[in-house]
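1. Turn this into a model:
(chains A and B)
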Amino acid sequence: MADLRVNFAGIRAPNPFWLASAPPTDKEYNVVRAFKAGWGGVVWKTLGEDGPPIVNVSGPRYGALHASDRRVIGFNNIELITDRPLQVNLEEIKRVKQEWPDRAMVVSLMVPCDEESWKKILKRVEWTECDGVELNFGCPHGMSERGMGAAVGQVPEYVEMVTRWCKQHTRMPVIVKLTPNVGNILRPAEAAVKGGADAVSLINTVNSMMGVDLDVMAPWPHVGGKGTHGGMCGPVVKPIALNMVAEIARTPATRGIAMSGIGGIESWKDAAEYMALGCGTVQVCTAAMVYGFKIVEEMKAGLSDWMDQKGYRTIADFQGLAAPKVTDWQHLNLDYVVKARIDQDLCISCGRCHIACEDTSHQAITSLVDGVRHFEVIEEECVGCNLCAVVCPVENCITMVEMTEGVDPRTGTPVGGHRTWMEHPNNPMAKNPQPAKLAEPAE
Amino acid sequence: MPDIKAGRLDGTALNDNFSDMLPGFARNEARVAAERCLFCHDAPCVKACPTSIDIPLFIRQIAAQNPIGAARTILDQNIMGAMCARVCPTENLCEGVCVREVSEGKAIEIGRLQRYATDAAFEAGRQFYSAGASTGRKVAVVGAGPAGLACAHKLATLGHAATVFEARDKAGGLNEFGIATYKATDDIARREVDYILEVGNITVEHGKRLGRDITVSALKRDFDAVFLAMGLGDTNDLGLGHEPAGVLDAVDYIAALRQAPDKAALPVGRRVVVIGGGMTAIDMATQIRKLGAEEVTIVYRRGKDQMSASPYEQDVAQTHGVTIRHWMRPVRLLSEAGALSGVDLEYTKLEQGRLVGTGETVTMPCDQLFKAIGQVFVPADIADAGTGITMQSGRILVDAERRTSWAGVWAGGDCVAGGQDLTVTAVEDGKQAALSIDRYLSTAAAQAAE
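-> Numbering: from 1, shown residues only, chains lettered A, B, ... in the order given. Predicted structure coming up:
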């Protein structure tokens, strides 16, 4: 039985599945339900400074992108930070932590960008005896217009400055939550590292508009006829987040900082992918909001079963194993050749591979052979692009099979060599161009 | 004494029994069903459709929340898309070759999606078609069934004036008189006819029967072209001599049921036998059960696989409590005081490919017996054409364009040889004939102008 316990930047939890700072963690009632359901920790919904409570819209806060059968694949919100009084939140946090001492209790914070405000809130949060704080530098709507959230996260100097203040004014671990709404995720990540952050969490939501109401002629959803961009999360943002996690994991200036992966995690497999790139924990919001807290049961069981199957005893055993395989395009092997292969027993003859290849790519799949409907790869034309496998409705019907010997019938070039763009003769900048080489014949 | 009476079931039970057997999709059901479609390349379903409806396109239009656009895609190819959605044996056509049927045994529900789209257009009152600019040409169409109406509609949109001669007082043909009531609820057959006629430039003359009130040669003389689509005028006979009271023609009974203002008024036997293996036998047996008959048996002289009724239809009958007996044929009608009391059935078998009786018989008591052993063409109706119209296997021979051997005369629907006797093939016949007539008239016009 795999051991799912984690120690993330000094914060211990029985499992790596935490709820992200968001509506599900706004109050004691929900968080207790989450802990009862088995979540390893929570990041309490962002607290702001003391004073008149935040006001949210009373129109729709959420929008969504639906796939077939109305599965929510993208989820958008314009909710602000907690709209409950600071003291109420603090008392609830303290009480829940006392009742659930083994669970990770991290508190998300967002106050104006001055040292005094941060110092003040940190002292009050310490009173709760929570395990750490997460700096919300990511919220892209509403609060950013007031100089907080993403307005800070998009300026590396601010990220570094606020992180440093927090490290100076609290003994608690500091997690910096990064916004993806930047040109290069490494700049704010480097700033967090320089400021002394114990960890980063990413990503926060992506600036987006879910649609346009063509009757009202306004964004959908809208609030009384007008709409504003929100922050999108859910399965569609996972690829964006994975890339950003990988960039931090493979860049010398940021490599090694603890990472909590966020973005579209719906199952154990999503979580394992983040961990394989180096994350120590993951945070979930959308899946919980769509399906309820029970999903964590599948996540824990699935991760544990997979680890057992692979022989990983702890999460550390596989954490980051995929990160070294992330590289730049110029380092990819241009002599690696694959050809699509269609399993005729699995093929249902829908023809989608043919028409995709015929209309938009390389004319490398037949539709008729000897006058009969038949879909077969023409290896002389196939560039191994994977489009056919992507559009095929039957899993594993089309696979990309590596050519290990001989000559690529498309290019006439021997396969099995190893030349990247750095050594390719077509690269005028190549320092040591190499001709194509025949693979060693098998003994 | 034979037990035949009206009103075996009360009005509520009859309403339940004759309501829509497979109701239309709700919006969400349609969306879920539509999203299963793979939008196949060169889709097998389109090839299997006699009218070549672009099925992947109309389903994609439904998924994209444009059911009215979907209806147009359907009706462009098949103006009777609404009825075909209800009566097509889809498991033998589009759904039978759907790649999801082949791979998972669960086809896209094309028929129900087609109904969803066409219902949406009808409900919205959307008329997509109008009569074309007049060419001054006149075409006679014989029969206001699916083939005749499809032909007249296409001709009208191409600018030719169509006059449809119909023996009955109501248009629609077998859609109106021959389909089981529960498949064509809400007066859909009549609404579809109205939709077709709304296009304009089509005149329907009721009470005009070919061979009685009109002749092919007269039509040929008075019109620029003639399309024959009068269907099959007679039914096969049992060949058992005198038929006592209680022996009825299924086609007539089904027509009476469709038109009956009060179904409780129809005579229904307690024990009923239906002879035949086609759709008419199934519709007859199922409906007489629904009218309150207690024991209903279909007797077919060959096996299950030879029945022309589709497996789905056979299931429908059996689900409704109809017993289907194979390899039996009636050899003697029994009667008491002039009324049917039973039928002697002889077991049959194949001997060197030929159907023969085994000599062994069994008596099946019954109060009513329906003949559903096929309809036949009445050659006398076109006797005036002499040898001008070539026949094949008792029906009119046509070429790929639905031209008969007599220049200027086209034919389609059930009255032509080699057809499948389906609404959808009749519609295709009418459409193709209209296109052929249009080409013929254009050429003739061009020649006249020279």
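2. Might you report the residue contacts of the residue in the stretch 251-400 of chain A that chain B sits nearest to?
-> Here the stretch 251-400 of chain A gets closest to chain B at one residue, A:Gly351, 3.1 Å apart by Cβ to the nearest Cβ. For every residue, glycine as well, the C-beta is placed using N, CA and C. Counting by Cβ atoms under 8 Å, 6 or more residues apart in numbering or on different chains, A:Gly351 touches A:Ser367, A:Arg373, A:Phe375, B:Cys40, B:His41, B:Asp42, B:Ala43.
3. which of those residues count as buried?
-> Buried subset of the contacts of A:Gly351 (neighbour count, 16 or more other Cβ atoms under 10 Å in any protein chain shown): A:Ser367, A:Phe375, B:Cys40, B:His41, B:Ala43.
4. Quick check on the fourth one: phi, psi?
-> Dihedral angles phi and psi of B:His41 (degrees, to the nearest 10) take the values phi -80, psi 140.
5. what's the closest non-adjacent residue to it?
-> What sits nearest to B:His41 in space, not counting adjacent residues and going by Cβ to Cβ, 6 or more residues apart in numbering or on different chains, is A:Gly351, at 3.1 Å.
6. Looking at the stretch 1-150 of chain B, which residue is nearest chain A?
-> B:His41 (3.1 Å).
7. Just the pLDDT at that residue, thanks.
-> Per-residue confidence (pLDDT) for B:His41: 96.
8. ok, back up a step: out of the buried ones among the contacts of A:Gly351, who's nearest B:Val409?
-> Using Cβ to Cβ, B:Ala43 comes nearest to B:Val409 of those, at 35.5 Å.
9. picking up where we left off before, can you redo the contacts of A:Gly351 as TSV with secondary structure and distance to A:Phe35?
-> Below are the contacts of A:Gly351 laid out as TSV (DSSP: H, G, I helix; E, B strand; the rest coil; distance: Cβ to Cβ, whole Å):
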residue	secondary structure	distance to A:Phe35
A:Ser367	coil	57
A:Arg373	strand	57
A:Phe375	coil	52
B:Cys40	coil	49
B:His41	coil	52
B:Asp42	coil	56
B:Ala43	coil	52
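10. Would you check which pair of those lies furthest apart?
-> A:Phe375 and B:Ala43 (13.6 Å).
11. quick one: secondary structure of the residue nearest to B:Gly132 when sequence neighbours are not counted?
-> Of all residues not flanking B:Gly132 in the chain, B:Gly159 sits nearest, at 3.4 Å (Cβ to Cβ, 6+ apart). Taking DSSP: H, G, I helix; E, B strand; the rest coil as the rule, one finds B:Gly159 in the coil state.
12. give me the residue from the stretch 1-150 of chain A nearest chain B.
-> Closest point on the stretch 1-150 of chain A to chain B, by Cβ to the nearest Cβ, is A:Ser68, at 4.2 Å.
13. can you tell me how far that residue sits from A:Tyr291?
-> In this view, A:Ser68 and A:Tyr291 are 17 Å apart by Cβ to Cβ, to the nearest Å.
14. Next to chain B in this structure, residues from chain A, please.
-> A:68-69, A:348-352, A:354-355, A:367, A:373, A:393-394 (Cβ under 8 Å from any Cβ of the partner chain).
15. element containing B:Phe122?
-> Assigned by DSSP states H and E, B:Phe122 belongs to helix B:110-123.
16. What does A:Asn76 show for phi and psi?
-> Residue torsions, per degrees, to the nearest 10, at A:Asn76 are phi -130, psi 140.
17. Leaving out the residues flanking it, which one is nearest to A:Thr314?
-> A:Asp3 (4.9 Å).
18. Tell me who's in contact with the one you found.
-> A:Arg313, A:Thr314, A:Ile315.
19. Using PyMOL, define a selection of the buried residues within those residues.
-> Those of the contacts of A:Asp3 that count as buried under 16+ other Cβ under 10 Å are selected in PyMOL with:
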select buried, chain A and resi 315
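20. Over to A:Ala340. Which of the three states is it?
-> Assignment for A:Ala340 (three-state DSSP): strand.
21. With B:Asp42 as the reference, measure out to the closest residue in space to it that isn't next to it in sequence.
-> Nearest non-adjacent residue to A:Ala340, counting by Cβ to Cβ, 6+ apart: A:Val377, 4.7 Å away. Distance, A:Val377 to B:Asp42, using Cβ to Cβ: 18 Å.
22. Same check on A:Pro435?
-> 44 Å.
23. can you pull up the bridge partners for the residue nearest to A:Ala340?
-> Beta-bridge partners for A:Val377, by DSSP bridges, are A:Ile365.
24. Could you look up the next helix or strand downstream of whichever strand or helix holds A:Glu358?
-> Per DSSP H and E, A:Glu358 falls inside helix A:352-360. Moving toward the C-terminus from helix A:352-360, the next helix or strand (DSSP H and E) is strand A:368-369.
25. So what are the sheet partners of that next one and their directions?
-> strand A:372-373 (antiparallel).
26. any residues touching the strand it pairs with, and which ones?
-> A:Ser349, A:Gly351, A:Ser367, B:Asp42, B:Pro44.
27. Who are the contact partners of the fourth one?
-> So that's B:Asp42. Contacts of B:Asp42 (Cβ under 8 Å, 6+ apart): A:Gly351, A:Ile355, A:Ser367, A:Arg373.
28. give me the beta-bridge partners of the last one?
-> In this case it means A:Arg373. A:Leu368.
29. Quick check: A:Pro14 touching A:Trp39?
-> No - contact criterion Cβ atoms under 8 Å: A:Pro14 and A:Trp39 do not qualify, at 9.3 Å.
30. With neighbour numbers in mind, choose between those two.
-> A:Trp39 (28 against 17; other Cβ atoms under 10 Å in any protein chain shown).
31. Relative to A:Val182, how far out is that one?
-> On the measure of Cβ to Cβ, A:Trp39 and A:Val182 end up 29 Å apart.
32. Just name whatever secondary elements whichever strand or helix holds B:Arg221 is in contact with.
-> B:Arg221 is part of helix B:216-222, with elements assigned from DSSP H and E. Applying 3 or more Cβ pairs under 8 Å, 6 or more residues apart in numbering or on different chains; DSSP states H and E, one finds that helix B:216-222 contacts strand B:138-142, strand B:225-228.
33. Let me have those strands in CSV, extended by mean pLDDT.
-> Putting those into CSV (pLDDT from 0 to 100) gives the following:
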stretch, mean pLDDT
strand B:138-142, 98
strand B:225-228, 98
